[in-house]
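K.L.:
take a look and give me a structure for this.
(one chain, ligands or ions: 2)
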Amino acid sequence: MAQDKGIEEVLEFIWSQREQGSNSIQQLLNIEEVAEEADMKTLERMQRDALIKMDGDTVVLTLNGEQLAEAAIRRHRLAERLLTEVLSLDPESIEKNACSFEHTLSHEVTDSICTLLGHPPTCPHGLPIPKGNCCRKTGGELKPIVQQLSALDVGETGRITFIVSNSHMRLDKLGTLGIVPGSSVRVHQKRPAFVIQIGETTLALDPEIIKEIYVKRVF
Ligand SMILES: [Zn+2]
Ligand SMILES: [Zn+2]
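P.N.:
Ligands and ions are numbered 1, 2, ... in the order given. Down below sits the predicted model:
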């Protein structure tokens, strides 16, 4: 179903606002990007179209609105991941491009991007990416180009594409070890401990950390 681009964006803002714990209509309409696209009339139309429900200053998504918002958020955040980590665009052009290209991605293309990126749990800002069908089923035909470090076999090398940890302490610690996007790591052994080789150094890594490191396999 083709939705108005502006409406889709308003749905996304209602979604992100809820993530931050607010459902205030006043607050929503005060967001600069929303003010450019929408006013009370837009919201009333959205209510008539059964996308949202308003009550006083409160706005909630209907089931239909929820599905559209979730899909749009998913496309937006996956587009951000793709543009940042794989195409290495600079931050300013990312927001612009993520926004324009998210509206043109079909479900299928979105799931392919998700699969190629190894089904990342978060966007580069650390916000959760809603799961798609591709994330729930295993063993698709498409081979991911980016995978969790744990997917590599002993002896294989991967170049780190991104790290999804939300812990600054952990990122700092990994950074001092040279475990940053762009560096290459070789899997030295997987059992009993997961040991990687980075440069001349071998390091044992905790299982949770392994899951947070996404790599592109180097042949
Ligand atoms: Zn983001
Ligand atoms: Zn997926």
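
K.L.:
so what does Ser183 have for phi and psi?
P.N.:
With angles defined as degrees, to the nearest 10, Ser183 sits at phi -90, psi 150.

K.L.:
and the closest residue to it other than its chain neighbours, bridged to which residues?
P.N.:
Nearest non-adjacent residue to Ser183, counting by CB to CB, 6 or more residues apart in numbering: Ile160, 5.5 Å away. (Each C-beta comes from the backbone N, C-alpha and C, glycine too.) Taking DSSP bridges as the rule, Ile160 bridges to Val215.

K.L.:
surely Lys211 is in contact with Ser150?
P.N.:
Yes - using CB atoms under 8 Å, Lys211 is in contact with Ser150, at 6.2 Å.

K.L.:
what residues does the chain have near ligand 1?
P.N.:
By CB under 5 Å from the ion, the residues of the chain that approach ligand 1 are 80, 123, 125.

K.L.:
buried subset of the residues you listed?
P.N.:
Neighbour counting over the residues of the chain next to ligand 1 (16 or more other CB atoms under 10 Å) leaves 80, 123 as the buried ones.

K.L.:
can you tell me which of the residues of the chain next to ligand 1 is closest to ligand 2?
P.N.:
Nearest to ligand 2 among the residues of the chain next to ligand 1: Cys123, at 13.4 Å, using CB to the ion.

K.L.:
quick one: the closest one and Glu208, what's the gap?
P.N.:
To Glu208, Cys123 is 20 Å away according to CB to CB, to the nearest Å.
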